[in-house]
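Visitor: Sharing a model prediction with you, sequence too.
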Amino acid sequence: MTPNVTQRWQFPVFVAIGLVSAAVDIFILQVLVWSGFHYTVAVTLGFLTGFLVNYLGHTRVTFKKQETVANVLGFILVVLLNYLITLSFVALSEVFLDSVVTGKIVSLPVVAVNGFLWGKYLVFK
């Protein structure tokens, strides 16, 4: 069975929304780091802003659902997992490469695939 157009474009749309939210996230992270904030604060604030862009985009566009308490809570759980993954990459990158942004960028494909699979099969099913 061939996937319909919506299914065929679902992952590319997910990635596009993810790229927009990641750009917002990284921009905020970098501005805060340049402003002297500790990288954990910068990563957290960037991540939270990216979260809002991500949730609204994926709920309304990628998965074409309405906001509900259940999908907000599910999305938060997925984001928390991705947050821990991101912080791990950033911390390792800071220690070994003296670069916060490198760790953040390297973590993006991992959290993108993780987020899509959890979103599609659990949060927005």
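Guide: Okay, I see it.
Visitor: Residue 68: neighbour count?
Guide: When neighbours are defined as other CB atoms under 10 Å, residue 68 has 11 of them. Every C-beta, even on glycine, is put in place using the N, C-alpha and C of the backbone.
Visitor: Show the contacting residues for the spatially closest residue to residue 63 that is not a sequence neighbour.
Guide: When the adjacent residues along the chain are set aside, residue 63 lies closest to residue 124, with 3.7 Å between them (CB to CB, 6 or more residues apart in numbering). By CB atoms under 8 Å, 6 or more residues apart in numbering, the residues touching residue 124 are 58-59, 62-63, 65, 71, 74.
Visitor: do that again at 7 Å, thanks
Guide: Each residue near residue 124 by CB atoms under 7 Å, 6 or more residues apart in numbering is listed here: 63, 65, 71.
Visitor: ok, so what distance separates it from residue 83?
Guide: Distance of residue 124 to residue 83, computed by CB to CB, to the nearest Å: 19 Å.
Visitor: That's all I had, so thanks and see you.
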